[in-house]
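J.: fold the following for me, if possible:
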Amino acid sequence: MKSRPQAEKELAKALSRHIGYTAGAFDLDRLSEITSEINKPSIYGFELVKAIQLRPRAGQSESLSDEYASDIVNFCAATGLIHRIHGAGSPKLTKYTLSTEALVLRAASALKIVGLREIVLVTLLLENDADGYGLMLELLESAQHDEERRGHQLAERYLASTKAMRASRLAWLHTVFPHEVLLRRIAADVPWLRLTKRGQLELNEPQKDFGRHHSAPRNGWAVALGHAETDTRRLTDRGEELLHRIRGTQNHYSWIGPTEDVFAQLKIPLDRVVSGPRAPIRNLLRPSHNVEVYEIDEPVYRDFVNFMREAFPYLKLVHANQAPTAPLEYYLLLKERHLGYRISLNSILERAFKENSESFAPLSSRSSKMAYYLVRHNT
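T.: Take a look at the predicted model:
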């Protein structure tokens, strides 16, 4: 069971799935590109900024400014594509390393796997920006039924909706945490809340240009991810399907809550929990039928084994012989969405290692017997 401090952190995270404004957020392709710039276990921030600046870009003769390249790095870190670490030798210098999702993007790009990039990016955005992106999908959906809500009013509606969402959440927090000390501990990790001089919690009001700064990039994401049409901004079938998933049983997006054990640890009765889907995000994107299939169809199994082999050079850790098995979940999620049913990752991995011992070898970690794998040189 989670510790109380961990549960508090996870609740605060669920209450603030919103990436702050950065100029680097306007182009989702930057997320895919940055995976090729980190070709060692970790890289200093200034090295990554320079690598982004030196990357050739079609139709651009001048390199990006330091500020803009830094914004791209910050956006990639905010989405969880890269992780910040601090070097032991230079604690004041920030270093970055690739996340599991970055490894999958690298493999998807190299192997040209249709749909895998979108699944990874959608997962990252829902994990870290569901409040921002989910709200954008809601506004685009409502606008297609109301001509007056299109165009220049989008920014104003985005700002108003954000304020209403946060006010509702603050009111809910007061009902489930009547003791101020407990409430303040949660609020300390929620950036849109602040403590007044009198010791009272109140909303940290967004600036007047918040709506424009935050709605514009997310409007572009919807098109880039195939969730909205380029010209009309009407939601596509994929956009409608994603909006339906993040709404859960409601007719509007409310939030993506933490796992149920968080509420148990914080002693919040489930009948007082705000309705909406819950983490983990991967389960939210999987086929709705909760039962996993353990008997894998032969074509699906062979395809998965082939991906393990072909993706290995792109999934493996730099200067290491092994690759983590966690990225394989994303490829399996892609197959699940095509097939319409869930597949047990452990079952398909166990079979792959058992039947292909001459090709693969599983490696364990403290948390899993199959955390890593390697491809034998004679395959």
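
J.: which stretches of the stretch 251-379 of the chain aren't confidently modelled?
T.: 367, 378-379 (pLDDT under 70).

J.: where exactly do the strands run in the stretch 201-350 of the chain?
T.: 201-203, 292-293, 323-324, 342-343 (DSSP state E, counting those that start in this stretch).

J.: show me how the record splits the chain into domains.
T.: Using automatic domain parsing, the domain parsing of the chain gives 19-100, 120-280, 292-375.

J.: now do the contacts for the nearest residue to residue 278 once chain neighbours are set aside.
T.: Leaving aside its chain neighbours, residue 278 sits nearest to residue 257 (4.4 Å; criterion: Cβ to Cβ, 6 or more residues apart in numbering). (Each C-beta comes from the backbone N, C-alpha and C, glycine too.) Residues in contact with residue 257, defined by Cβ atoms under 8 Å, 6 or more residues apart in numbering, are 14, 273-274, 276-279.

J.: so how do I select the buried members of the residues you listed in PyMOL?
T.: Restricted to buried positions by 16 or more other Cβ atoms under 10 Å, the PyMOL selection for the contacts of residue 257 reads:
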select buried, resi 14+273+276+277+278+279
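
J.: show me the contacts of residue 257 that map onto helices.
T.: residue 14 (DSSP state H).

J.: which one of the domains of the chain lies nearest to residue 8?
T.: Closest approach to residue 8 among the domains of the chain (Cβ to Cβ): domain 120-280, 5.5 Å.

J.: list the residues that contact residue 240.
T.: Applying Cβ under 8 Å, 6+ apart, the residues contacting residue 240 are residue 141.

J.: kindly tell me how buried residue 230 is, as a neighbour count.
T.: 9 (other Cβ atoms under 10 Å).

J.: let's see the pLDDT reported for residue 211.
T.: What the model reports as pLDDT for residue 211 is 93.

J.: and it, how close does it get to residue 252?
T.: Noted for residue 211: a distance of 18 Å to residue 252, by Cβ to Cβ, to the nearest Å.

J.: repeat for residue 113
T.: Where residue 252 is concerned, residue 113 sits at a distance of 34 Å (Cβ to Cβ).

J.: assign the nearest residue to residue 361 once chain neighbours are set aside to helix, strand or coil.
T.: Leaving aside its sequence neighbours, residue 361 sits nearest to residue 374 (Cβ to Cβ, 6+ apart; 5.2 Å). Under the three-state scheme (DSSP: H, G, I helix; E, B strand; the rest coil), residue 374 adopts strand.

J.: residues touching residue 374, list them.
T.: Contacts of residue 374 (Cβ under 8 Å, 6+ apart): 312, 316, 321-323, 360-361, 363.

J.: closest to residue 104 out of those?
T.: Distances from residue 104 to those, taken by Cβ to Cβ, are shortest for residue 323, at 11.0 Å.

J.: now the closest one: how far from residue 2?
T.: 29 Å.

J.: who's more crowded, these two?
T.: Counted by other Cβ under 10 Å, residue 323 and residue 2 do not tie: residue 323 has more neighbours, with 23 against 16.

J.: spit out the contact partners of that one.
T.: 103, 311-312, 315-317, 372-374.

J.: which one of residue 211 and residue 252 has more residues nearby?
T.: residue 211 (21 against 16).

J.: hang on, that one packs against residue 156?
T.: Yes. Between residue 211 and residue 156 there is a contact under Cβ atoms under 8 Å: 5.7 Å.

J.: now do the phi/psi pair for the spatially most central residue of the chain.
T.: Most central in the chain under Cα atoms, centre = their mean is residue 124, positioned 1.4 Å from the mean C-alpha point. Note on residue 124: its backbone torsions stand at phi -60, psi -40 [degrees, to the nearest 10].

J.: residue 130 versus that one, what's the distance?
T.: Counting by Cβ to Cβ - residue 124 and residue 130 are separated by 10 Å.

J.: rewinding a little: from residue 325, how far out is the residue nearest to the centre of the chain?
T.: Taken as Cβ to Cβ, the span from residue 124 to residue 325 is 19 Å.

J.: and the nearest residue to residue 100 once chain neighbours are set aside, how close does it get to residue 69?
T.: Once flanking residues are discounted, residue 100 sits nearest to residue 326: 4.7 Å by Cβ to Cβ, 6+ apart. Remark: distance between residue 326 and residue 69 (Cβ to Cβ) = 29 Å.
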